[in-house]
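# The sequence and its predicted three-dimensional model are supplied below.
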Amino acid sequence: DAGVIQSPRHEVTEMGQEVTLRCKPISGHNSLFWYRQTMMRGLELLIYFNNNVPIDDSGMPEDRFSAKMPNASFSTLKIQPSEPRDSAVYFCASSWGKGYTFGSGTRLTVV
Amino acid sequence: GNSVTQMEGPVTLSEEAFLTINCTYTATGYPSLFWYVQYPGEGLQLLLKATKADDKGSNKGFEATYRKETTSFHLEKGSVQVSDSAVYFCALDSGGGADGLTFGKGTHLIIQP
């Protein structure tokens, strides 16, 4: 198994632009999670899905953030418009009830 | 709500020294407890876990015991190596893998030769 796959690994964008981060969970995992990591706030859970359905998005910082999971093998996290304070590493993780597997993350820099 | 508190560091030790990184938690019910490790520029890797009181998780010479009476899950290693330099995160899961992990802030460990 290739693990949880995130793309891109690095993204540099200008303030105001739309950014889309992508995640492919491990096949057979029925839960998917998006986390954000910053020096100041550590690892924050943004949103999670069970069986492709969003369960809790209370961690999404603002309406500029949105996430979708159109099928069991793909999820996106979109920021529109992006701001410099969105600069962080964004991790996707998937789970099947026995443990969590994390992707390598997307390092987002908004200039 | 759930929370995890751990020493933030950085913690600097010499090679072959004994390591302890403290972790305490607050949670409802009976959570599972985890230690994750993050090497520079990489994602989080599961280091060890324990799912019930008095369980001991162990891996690569690291150990941690689930202490319900003190709500703690301290990470220990008898003799650290330079290659152990990384950031270590304590985490808990109270939802059986369905509603995410709650993480501590992470402890940056630096091992000097």
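Nice, thanks for sending it over.
# Could you check how many residues crowd around the closest residue in space to residue B:90 that isn't next to it in sequence?
In space, residue B:90 comes closest to residue B:23 once its chain neighbours are excluded; the distance is 3.5 Å by CB to CB, 6 or more residues apart in numbering or on different chains. Any C-beta I mention is one placed from the backbone N, CA and C, and that applies to glycine too. Burial of residue B:23 is recorded as 25 neighbouring residues (other CB atoms under 10 Å in any protein chain shown).
# One more: the one 5 residues further on?
Burial of residue B:28, expressed as a neighbour count using other CB under 10 Å, amounts to 8.
# Contacts only, for it.
With contact set as CB atoms under 8 Å, 6 or more residues apart in numbering or on different chains, residue B:28 has these partners: B:2, B:94.
# Pull the contacting residues for residue B:53.
Taking CB under 8 Å, 6+ apart, we find residue B:53 in contact with B:30, B:66-68.
# let's go with 10 Å and repeat that
Contact partners of residue B:53, counting by CB atoms under 10 Å, 6 or more residues apart in numbering or on different chains, are B:30, B:33, B:65-69.
# show me where pLDDT drops low in chain B?
Screening chain B residue by residue with the criterion pLDDT under 70, one finds the ranges B:97.
# Within range of chain A, give me the residues from chain B.
Proximity of chain B to chain A is confined to B:4, B:8, B:32, B:34, B:36, B:38, B:41-46, B:49, B:51, B:87, B:89, B:91, B:93, B:95-106 under the rule CB under 10 Å from any CB of the partner chain.
# If you go by neighbour count, which of the residues you listed are buried?
Buried members of the residues of chain B next to chain A, counted by 16 or more other CB atoms under 10 Å in any protein chain shown: B:4, B:32, B:34, B:36, B:38, B:43-44, B:46, B:49, B:87, B:89, B:91, B:93, B:95, B:97-106.
# Off-centre distance for stretch B:11-24?
Its chain's C-alpha centre lies 11 Å from the corresponding centre of stretch B:11-24 when counted by CA atoms, centre = their mean, to the nearest Å.
# neighbours around residue 76, how many?
Using chain A. By the measure other CB under 10 Å, the count of residues near residue A:76 is 15.
# try again with chain B
Here the count is done by other CB under 10 Å, and residue B:76 has 14 residues near it.
# helix, strand or coil for it?
Here residue B:76 is strand, with the state taken from DSSP: H, G, I helix; E, B strand; the rest coil.
# For it, give its distance to residue B:109.
When CB to CB, to the nearest Å is applied, the distance between residue B:76 and residue B:109 equals 12 Å.
# before we move on, what about residue A:76?
From residue A:76 over to residue B:109 the distance is 34 Å, taken as CB to CB.
# what's the answer for residue A:20, then?
When distance is defined by CB to CB, residue A:20 is 35 Å away from residue B:109.
# out of those two, which sits in the busier spot?
Taking other CB under 10 Å, residue A:20 and residue B:109 do not tie; residue B:109 has more neighbours (21 against 15).
# one step back: tell me which of the residues of chain B next to chain A fall in strands.
When DSSP state E defines the strands, the subset of the residues of chain B next to chain A inside them is B:4, B:32, B:34, B:36, B:38, B:44-46, B:49, B:87, B:89, B:91, B:93, B:102-103.
# which among those residues gets closest to residue A:44?
residue B:103 (8.4 Å; CB to CB).
# if I pick that closest one, what's in contact with it?
Shown here is residue B:103, whose contacts under the criterion CB under 10 Å, 6+ apart are A:35, A:37, A:42-45, B:3-4, B:6, B:34, B:36, B:44, B:89-92.
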